[in-house]
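Trainee: Have a look at this prediction, sequence included:
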Amino acid sequence: MIFTQKDGTAQGVAKQRLIETLAGPDARVINDPYAERFVIGPGIIKLMGHKLSIWLGQKLAPGFHEHLISRTRFIDELIEKSAISGTEQYVILGAGYDMRAHRLGLPSALRIFEVDQPEVQARKRSKLPKDLANSENVTYVSVDFTHQSLAEQLLAAGFDQSKPTVFTLEGVSQYITKEAVSSTIEELAMLTQETRSTFFISYVDELLDKDPEACFGRGYPNPAKRAEAIKSLSAKFGEPWISFYTAEEMASVLSRSGYSIKENVTLEDLNAPYFAPVGRTLPENQIFKLEHFVVAEG
């Protein structure tokens with residue numbers, strides 16, 4: 001099965017989006033007014049506020065919050081640029097509690113497909129507000145991967161094979177097998193072989209196991225211990241990390257389906273452009289760079 005059934009990770013990411021949104025308009029990197037709907041105890045987080053929440057997070061895993069927020073911002077910009085440059089469809093794979101369809105002010109011409117398992121989508125939709133912005137452009141595609149084809153379900157939902165499309169697979173590849181990742185990319189590439197498409201995927205560097213210090217900035221406190229703690233915490237939520245990649249391996253996976261990598265970045269690359277303008281540049285010993293953000297075109 002390609003996407004995990006539990007929502008612990010989705011809640012955790014939504015929590016970081018809520019914390020970032022609590023910063024003032026001139027101090028935040030992203031804004032998600034819907035994030036609190038998917039978080040346990042949002043009132044406590046709001047009472048603590050942005051600065052205290054960030055300070056506490058730094059005690060547990062320096063740079064973790066900024067890492068997730070930079071990933072969110074990076075994809076936000078990709079989708080906005082894609083829409084401007086003529087992309088007509090956006091497919092969010094393993095959408096979870098993603099709210100880009102509603103918070104970015106995307107053009108009405110952009111058709112959005114949110115793909116996930118039925119129980120996850122039901123949980124999300126039960127928490128959405130009424131009269132949600134841009135909701136008429138969103139199609140929910142429920143897929144039971146034990147019995148259904150992703151491509152067939154997308155086509156049945158109205159996916160147009162002739163329209164330029166962007167796909168995003170965010171924060172998922174480490175939870176599923178490499179075979180599942182590869183087959184998914186191949187299936188989607190076949191769907192868009194008559195037009196252009198862009199594929200975003202994030203992946204965890206295999207150095208996290210082999211040389212954890214390389215996955216953090218110089219001077220990062222106890223990198224090996226932190227790496228194990230992060231993996232253990234994910235497993236405790238029932239979502240263990242099972243797949244890790246080198247840059248060359250990911251390039252090969254994408255190349256087999258006709259995609260060539262245009263960008264491969266981490267928080268280390270995005271620290272200055274995203275956090276410097278709001279006065280929050282991270283020092284080297286707080287750089288958290290174990291996950292890569294990749295944009296490929298085909």
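Mentor: Thanks, I have it.
Trainee: Next, the buried residues of stretch 174-188.
Mentor: Residues of stretch 174-188 classed as buried by neighbour count (16 or more other CB atoms under 10 Å): 174, 175, 176, 178, 180, 181, 184, 185, 188. In this view, the C-beta of every residue, glycine as well, is placed from N, C-alpha and C.
Trainee: what about the strands in this structure?
Mentor: With DSSP state E as the criterion, the chain has strands at 89-93, 111-116, 138-142, 165-169, 197-204, 260-265, 291-297.
Trainee: So for residue 51, which of those strands sits nearest?
Mentor: Proximity to residue 51 (CB to CB) singles out strand 291-297 among the strands of the chain, at 25.0 Å.
Trainee: by contact count, what packs against that closest one?
Mentor: Helices and strands touching strand 291-297, by 3 or more CB pairs under 8 Å, 6 or more residues apart in numbering; DSSP states H and E, are helix 64-84, strand 197-204, helix 247-255, strand 260-265.
Trainee: what residue is smack in the middle of the protein?
Mentor: Among the residues of the chain, the one closest to the centroid is residue 170, at 2.9 Å (CA atoms, centre = their mean).
Trainee: returning to that earlier point: make a markdown table from the strands of the chain and add mean neighbour count to it.
Mentor: Output for these, formatted as a markdown table (neighbours: other CB atoms under 10 Å):
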| stretch | mean neighbour count |
| --- | --- |
| strand 89-93 | 25 |
| strand 111-116 | 23 |
| strand 138-142 | 17 |
| strand 165-169 | 25 |
| strand 197-204 | 24 |
| strand 260-265 | 14 |
| strand 291-297 | 21 |
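Trainee: So for residue 11, which of the ones you listed sits nearest?
Mentor: strand 111-116 (14.3 Å).
Trainee: which residues touch residue 205?
Mentor: 214, 215, 244, 245, 246, 289, 290, 291, 292 (CB atoms under 8 Å, 6 or more residues apart in numbering).
Trainee: try 7 Å this time
Mentor: 215, 244, 290, 292 (CB atoms under 7 Å, 6 or more residues apart in numbering).
Trainee: repeat for residue 32
Mentor: Applying CB under 7 Å, 6+ apart to residue 32 gives the contacts 17, 21, 99, 103.
Trainee: how near is the closest residue to the third one other than its chain neighbours to residue 15?
Mentor: When you say that, I think you mean residue 99. Using CB to CB, 6 or more residues apart in numbering and skipping the chain neighbours, the partner closest in space to residue 99 is residue 34 (4.5 Å). According to CB to CB, to the nearest Å, residue 34 stands 13 Å off from residue 15.
Trainee: I'd assumed residue 136 was in contact with residue 111.
Mentor: No: using CB atoms under 7 Å, residue 111 makes no contact with residue 136, being 10.3 Å away.
Trainee: what is residue 142 paired to in the beta sheet?
Mentor: residue 116 (DSSP bridges).
Trainee: tell me how far the ends of stretch 138-157 are from each other?
Mentor: In stretch 138-157, first residue to last residue: 11 Å (CA to CA, to the nearest Å).
Trainee: Return the distance of it from the chain's centre.
Mentor: 20 Å (CA atoms, centre = their mean, to the nearest Å).
Trainee: picking up where we left off before, closest to residue 277 out of the helices and strands packed on strand 291-297?
Mentor: Evaluated over the helices and strands packed on strand 291-297, closeness to residue 277 peaks at helix 64-84, with 11.4 Å, by CB to CB.
Trainee: Show residues contacting that closest one.
Mentor: 13, 16-17, 19-20, 29-30, 54, 57, 90, 100, 104, 106-107, 110, 166, 168, 170, 198, 200, 202, 267, 270, 274-275, 282, 288, 291, 293, 295.
Trainee: need the contact list for residue 284.
Mentor: Listed by CB under 7 Å, 6+ apart, the contact set of residue 284 reads 217, 218, 219.
Trainee: 10 Å - rerun?
Mentor: Residue 284 sits next to 216, 217, 218, 219, 220, 268, 271 when contact means CB atoms under 10 Å, 6 or more residues apart in numbering.
Trainee: Separate out the buried members of those.
Mentor: Those of these that meet the buried threshold are 216, 217, 220, 268, 271, by 16+ other CB under 10 Å.
Trainee: Residue 58 is in contact with the third one, correct?
Mentor: No: between residue 220 and residue 58 no contact is recorded; they are 11.6 Å apart, counting by CB atoms under 10 Å.
Trainee: what residues are shared contacts of those two?
Mentor: With CB under 10 Å, 6+ apart, residue 220 and residue 58 have common neighbours residue 286.
Trainee: where are the low-confidence patches of the protein?
Mentor: By pLDDT under 70, the low-scoring segments of the chain are 1-6, 145-146.
Trainee: again, 50 this time
Mentor: For the chain, the stretches with pLDDT under 50 are 1, 5.
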